[in-house]
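1. next input, structure requested:
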Amino acid sequence: MSNLLFLRKRQLNNRKLRGRCVPGCALLFALYCVAAFAILPVFAATGKSSEEAKVTKESIDAKKEEIENSKKEREKISETLTDVEAVKKDLEASKADMTAYVTQLDGQLTSIQGKITALESQITEKEGEITKTQAELEAAKERQAEQYQNMKTRIRFLYENGDTFALEVLMSAHSFADMLNKETYIEALEDYDNRLLESYEQQTELVKVTKENLQEEKKTLEEAQKGVEQEEASMQALISEKETQILSMSADIAGKEQAISGYQQQVDAQDAEIAALEQQVKDDEETLRQQEAAAAAAAAAAKSGYVYTGGAFTWPAPVYDSITSDFGYRTHPIYGVTRFHSGLDMAADMGAPIVAAANGRVVAATYNASMGNFVMLDHGNGLFTVYMHASQIECSVGQMVTAGQEIAKVGSTGASTGPHLHFSVRLNGEYVNPWNYLGGG
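-> Below you'll find the model as predicted:
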């Protein structure tokens, strides 16, 4: 290909008007024009003028800029990855106060989950960019091959007819006007040859930088995928650290009575917070009933669309693995004592979706040292559902949600030793069996 370019440039630079007129040169000129202009439509589709060359140069510059952007993306990914050892060192000061320790560690887990979500989004976007760049590369290669064939056709014609062709054509003119007309044709063909060569060189450069851009984008994708793997490993390391510390705390408790007392305080605090939220809702509803007429209150409730009217709940953890702890009395996995378990524990992968079991209004979306990140929904008529230990909360207080709408992501915050959803149902201030509403009771 380099030999072809050298030959073509030499022909363009050394073309001279010399020789003599030979019989049939008019016919030869006609054949020359046919051979040249037969491929003009093809050239028009790939590089009509110097303006086309300018556009191609801008495309090359744009690809070079994309290459630099890909390198910067990789640097940014490396800079934002979690340093697990540094996090553990920061947590050492909080171990004396287990509640503060768990709270701080849960904050780190939530941050890591956010980074994983951002990296997964970046991977999806980068895969799309790679697909697009691959298509651009294939198209550029096709145009390059097409222009290469055009160049060979023109060079072959010029080689077979020699450099005396232009003089022969001019000498065959029947008049001065005819000679000027033929000279114009010759100049147009030479200009076409120059533009064909320029376009081919620009297309070759575009193929080169597009290949480089594709390689850089693939490197960035690999870096993002490694980032996800590293962040997931960091998350698992912190969960293991948390489990170790919680179990260690449990082993340090002198006797069963002290363990029961500590656990009961957590349960009481949890129940008190939920009961306070229920009471607040109850007071608000009572105030509303006092302020509005019965007909207006009924219309407002119907319009809100969140009052539960019966039927099976939507499963709150759509991609759960198993039920690790059922509703009722059980041996606590941390404290080793038999106590009442207020809901269902659904094991699932970290970051799996948690959805609303039924239409409702968000009355709590916050953090608690025992429940971790949790959401509480009011379904009307004294019915509430609670979703505990989330890694992320994706709703806000006062928001109306519908059955199946994602409200959080599975995590291991609060008094938890592994990723799962603790799902509870309360009716008129008491915990009730969730299976009665999930269709499994």
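2. which element is residue 101 on?
-> helix 98-161 (DSSP states H and E).
3. kindly report the same for residue 410.
-> Using DSSP H and E, residue 410 maps to strand 406-410.
4. helices or strands up against that strand?
-> Applying 3 or more C-beta pairs under 8 Å, 6 or more residues apart in numbering; DSSP states H and E, one finds that strand 406-410 contacts strand 353-355, strand 372-378, strand 383-393. Every residue, glycine included, has its C-beta placed from N, CA and C.
5. could you redo the ones you listed as TSV and give each row mean pLDDT, distance to residue 282 and mean neighbour count?
-> Output for the helices and strands packed on strand 406-410, formatted as TSV (pLDDT from 0 to 100; distance: least, C-beta to C-beta, whole Å; neighbours: other C-beta atoms under 10 Å):
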stretch	mean pLDDT	distance to residue 282	mean neighbour count
strand 353-355	98	26	22
strand 372-378	97	10	24
strand 383-393	97	11	24
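6. for residue 70, which of those strands is the nearest?
-> With respect to residue 70, and counting by C-beta to C-beta, the nearest of the helices and strands packed on strand 406-410 is strand 383-393 at 28.7 Å.
7. return the list of strands paired to the next helix or strand after that closest one, each annotated with direction.
-> Using DSSP H and E, the helix or strand that follows strand 383-393 in sequence is strand 400-401. If you go by DSSP bridges, strand 400-401 pairs up with strand 360-368 (antiparallel).
8. could you identify the helix or strand that succeeds the strand holding residue 410?
-> Next helix or strand after strand 406-410 toward the C-terminus (DSSP H and E): strand 420-427.
9. can you name the residues in contact with the helix or strand following that next one?
-> For strand 420-427, the succeeding helix or strand toward the C-terminus, using DSSP H and E, is strand 430-432. Contact partners of strand 430-432, identified using C-beta atoms under 8 Å, 6 or more residues apart in numbering, comprise 327, 342, 343, 424, 425, 426.
10. past strand 430-432, which element shows up next along the chain?
-> Next along from strand 430-432, by DSSP H and E: helix 435-438.
11. buried residues in that next one?
-> Of the residues in helix 435-438, 437, 438 count as buried by neighbour count, 16 or more other C-beta atoms under 10 Å.
12. what comes into contact with that helix?
-> Residues outside helix 435-438 that contact it (C-beta under 8 Å, 6+ apart) are 312, 313, 315, 327, 344, 357, 425, 441.
13. quick one: mean pLDDT for that helix?
-> Computed over helix 435-438, the mean pLDDT rounds to 94.
14. next: stretch 204-211.
-> 79.
15. list the contacts of it.
-> 56, 59, 60, 63, 64, 67, 133, 136, 137, 140, 141, 144.
16. now do residue 218 against residue 67, distance only.
-> To residue 67, residue 218 is 12 Å away according to C-beta to C-beta, to the nearest Å.
17. nope, residue 421 is what I was after
-> Distance check for residue 421 against residue 67: by C-beta to C-beta, it reads 44 Å.
18. please apply the same query to residue 398.
-> 47 Å.
19. neighbour count: the two, which is higher?
-> Each of residue 398 and residue 67 has its neighbours counted (other C-beta atoms under 10 Å); residue 67 has more, 17 against 9.
20. can I assume the more buried one sits in a strand?
-> No. Under DSSP: H, G, I helix; E, B strand; the rest coil, residue 67 sits outside any strand and is assigned helix.
21. isn't it up against residue 219?
-> No. Taking contacts as C-beta atoms under 8 Å, residue 67 lies outside contact range of residue 219: 10.1 Å.
22. so, low pLDDT: which residues of the stretch 301-441 of the chain?
-> 301-305, 332-336, 440-441 (pLDDT under 70).
23. again, 90 this time
-> 301-311, 320-321, 329-340, 415, 417, 439-441 (pLDDT under 90).
24. and the residue nearest to residue 370 when sequence neighbours are not counted, backbone torsions?
-> Using C-beta to C-beta, 6 or more residues apart in numbering and skipping the chain neighbours, the partner closest in space to residue 370 is residue 266 (4.5 Å). Per-residue torsions, residue 266: phi -60, psi -40 (degrees, to the nearest 10).
25. quick one: pLDDT of residue 266?
-> For residue 266, the pLDDT comes out at 73.
26. same list (the helices and strands packed on strand 406-410) but as a markdown table, adding distance to residue 283.
-> Output for the helices and strands packed on strand 406-410, formatted as a markdown table (distance: least, C-beta to C-beta, whole Å):
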| stretch | distance to residue 283 |
| --- | --- |
| strand 353-355 | 28 |
| strand 372-378 | 13 |
| strand 383-393 | 15 |
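27. which one's the longest helix in this structure?
-> Among all segments of the chain classified by DSSP state H, the helix with the greatest residue count is helix 176-252.
28. and the angle from that one to helix 98-161?
-> 160 degrees (axes from the mean of the first three to the mean of the last three C-alpha atoms, to 10 degrees).
29. pretty sure residue 276 sits in a strand.
-> No. Judged by three-state DSSP, residue 276 forms no part of a strand; its state is helix.
30. that one: neighbouring residues, count only.
-> Taking other C-beta under 10 Å as the criterion, the count of residues near residue 276 is 11.
31. again, but for residue 358
-> 24.
32. ok, residue 102 - contacts?
-> 242, 246, 369, 413, 414, 415.
33. dump the residues you listed into JSON lines; add neighbour count as well.
-> Listed next are the contacts of residue 102 as JSON lines, based on neighbours: other C-beta atoms under 10 Å:
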{"residue": "242", "neighbour count": "22"}
{"residue": "246", "neighbour count": "20"}
{"residue": "369", "neighbour count": "18"}
{"residue": "413", "neighbour count": "28"}
{"residue": "414", "neighbour count": "22"}
{"residue": "415", "neighbour count": "25"}
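34. residue 175: which of the residues you listed is nearest?
-> The nearest member of the contacts of residue 102 to residue 175, counting by C-beta to C-beta, is residue 413 at 95.8 Å.
35. tell me which residues touch that closest one, please.
-> Residues in contact with residue 413, defined by C-beta under 8 Å, 6+ apart, are 102, 106, 109, 110, 367, 372, 373, 389, 390, 391.
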